[in-house]
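A.B. asks: after the sequence you'll find the predicted model.
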Amino acid sequence: MVNTKENSLLNEKYRPITLDKFVGNENLKKSLSKYLEQNDILNLIFYGPSGTGKTTLAKLIVNNLECDYLYINASDERGIETIRDKVQGFASTISFEPIKVVILDEADFLTIQAQASLRNIIETFSRTTRFIMTCNFIERIIDPLQSRCQVLKIVPPTKKDVAKHLHWICNEESITHEINDLVPLVNQYYPDLRKCINTIQLSTVDGGANDLYLKLDQSILVSSNYIDKVIKALSNKSKFNDIRQIIADANVNDFDELFKLLYERASDYLPGKEGTASILINEHQYKANFRIDKEINIMSLIQQILNNK
């Protein structure tokens with residue numbers, strides 16, 4: 001397996017730098033373009049599933065504004081010290097640009113104390129500094145922060161749009177492929193566009209003489225068939241160890257698709273208790289961000305579902 005002809009990360013190479021190149025969310029792009037024309041923005045919170053472009057959109061905005069900006073990944077720096085030292089320090093400095101912008105990526109990782117401190121900083125420096133936050137779970141952002149921002153949901157592009165975008169990337173990289181080759185890839189990882197692009201890079205083979213072609217490894221594209229087996233087993237009140245074996249045999253490391261389908265098909269295995277299923281799934285999907293062994297986390301969810309049958 002090889003990287004592409006420039007030996008760069010495709011996900012970074014094709015990260016859009018203008019709004020018109022951002023895939024999907026047409027109405028949102030129209031609103032944001034008005035802000036960019038005015039060279040000013042409101043405080044913003046982008047939320048939605050992983051890989052749908054929240055971070056890309058935040059960086060795109062600051063790159064098209066006359067501004068100084070600070071980027072912080074809150075999954076790495078989640079404590080109140082980060083807010084008091086880095087964020088407040090940046091907001092209090094003198095800038096030669098019209099505005100300053102703070103990007104807090106994955107802000108749902110910030111502690112409650114850090115979020116409370118951030119609220120005060122937003123108010124104190126409202127004349128000179130704007131804030132853009134991204135998160136997967138909007139309910140993890142305290143209400144006082146949400147009320148001080150425009151909260152915008154990033155809606156995943158359609159599967160068709162994702163496939164078209166991947167097709168375009170392959171053509172740009174001169175990777176021989178058929179568009180139908182991309183269908184199982186999109187079905188496997190949708191709506192995570194980033195993961196689709198990374199998989200294309202991993203699956204690009206050098207045929208010699210700079211002849212690149214796409215060869216999707218079935219060990220990478222795990223069939224979603226195991227998810228149907230899990231849901232059927234839950235519906236039939238199968239034993240914990242039987243379901244554990246189904247998941248172990250699938251050799252899955254990422255359970256985002258399982259979380260999604262367990263939510264969508266809750267009525268299949270917990271009829272009349274869909275609300276309970278939703279709460280359990282939400283809790284364990286959030287915990288998955290902190291757990292090293294994600295299989296233990298998913299099996300904990302399975303056991304709680306079985307307990308509610």
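C.D. replies: Structure received.
A.B. asks: could you use CA atoms for every contact and neighbour count after this?
C.D. replies: Fine.
A.B. asks: let me see the domain layout of this protein.
C.D. replies: Listed domain ranges for the chain are 25-153, 225-307 (source: automatic domain parsing).
A.B. asks: hmm, Thr52 and Asp192 touching each other?
C.D. replies: Yes: taking contacts as C-alpha atoms under 8 Å, Asp192 lies within contact range of Thr52: 5.8 Å.
A.B. asks: ok, back up a step: highest mean neighbour count out of the domains of the chain?
C.D. replies: domain 25-153 (a mean of 18; mean count of other C-alpha atoms under 10 Å).
A.B. asks: mind checking the end-to-end distance for stretch 10-18?
C.D. replies: End-to-end distance of stretch 10-18 (C-alpha to C-alpha, to the nearest Å): 17 Å.
A.B. asks: and stretch 285-299, by the same measure?
C.D. replies: Its first and final residues considered, stretch 285-299 spans 12 Å by C-alpha to C-alpha.
A.B. asks: what does it contact?
C.D. replies: Residues from elsewhere that reach stretch 285-299 (C-alpha atoms under 8 Å, 6 or more residues apart in numbering): 137, 244, 253-256, 259, 284.
A.B. asks: low pLDDT regions in this protein?
C.D. replies: The chain contains residues with pLDDT under 70 at 1-7, 209-210, 218-225.
A.B. asks: which residue ranges of it form strands?
C.D. replies: All strands of the chain, identified by DSSP state E, fall at 44-47, 67-73, 99-105, 129-135, 150-153, 175-176, 204-206, 212-214.
A.B. asks: pull the residues that contact the fourth one.
C.D. replies: Read that as strand 129-135. For strand 129-135, using C-alpha under 8 Å, 6+ apart, the contacting residues are 41-48, 54-55, 58, 91, 99-108, 122.
A.B. asks: put the alpha carbons of that strand into PDB.
C.D. replies: Below are the C-alpha coordinates for strand 129-135, written out as PDB (Å, rounded to 0.1, in the frame of the first residue of the first chain):
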ATOM      1  CA  THR A 129     -12.700  38.300  20.600                       C
ATOM      2  CA  ARG A 130     -15.000  35.700  19.000                       C
ATOM      3  CA  PHE A 131     -15.300  32.100  19.900                       C
ATOM      4  CA  ILE A 132     -15.900  29.000  17.700                       C
ATOM      5  CA  MET A 133     -16.500  25.700  19.400                       C
ATOM      6  CA  THR A 134     -17.000  22.300  17.900                       C
ATOM      7  CA  CYS A 135     -18.500  19.200  19.600                       C
END
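A.B. asks: identify the residues contacting Leu42.
C.D. replies: Counting by C-alpha under 8 Å, 6+ apart, Leu42 touches 130-131, 149-150.
A.B. asks: mind running it again at 7 Å?
C.D. replies: 130, 149-150 (C-alpha atoms under 7 Å, 6 or more residues apart in numbering).
A.B. asks: I'd like these as TSV, with distance to Asp217 appended.
C.D. replies: Listed next are the contacts of Leu42 as TSV, based on distance: C-alpha to C-alpha, whole Å:
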residue	distance to Asp217
Arg130	44
Cys149	43
Gln150	42
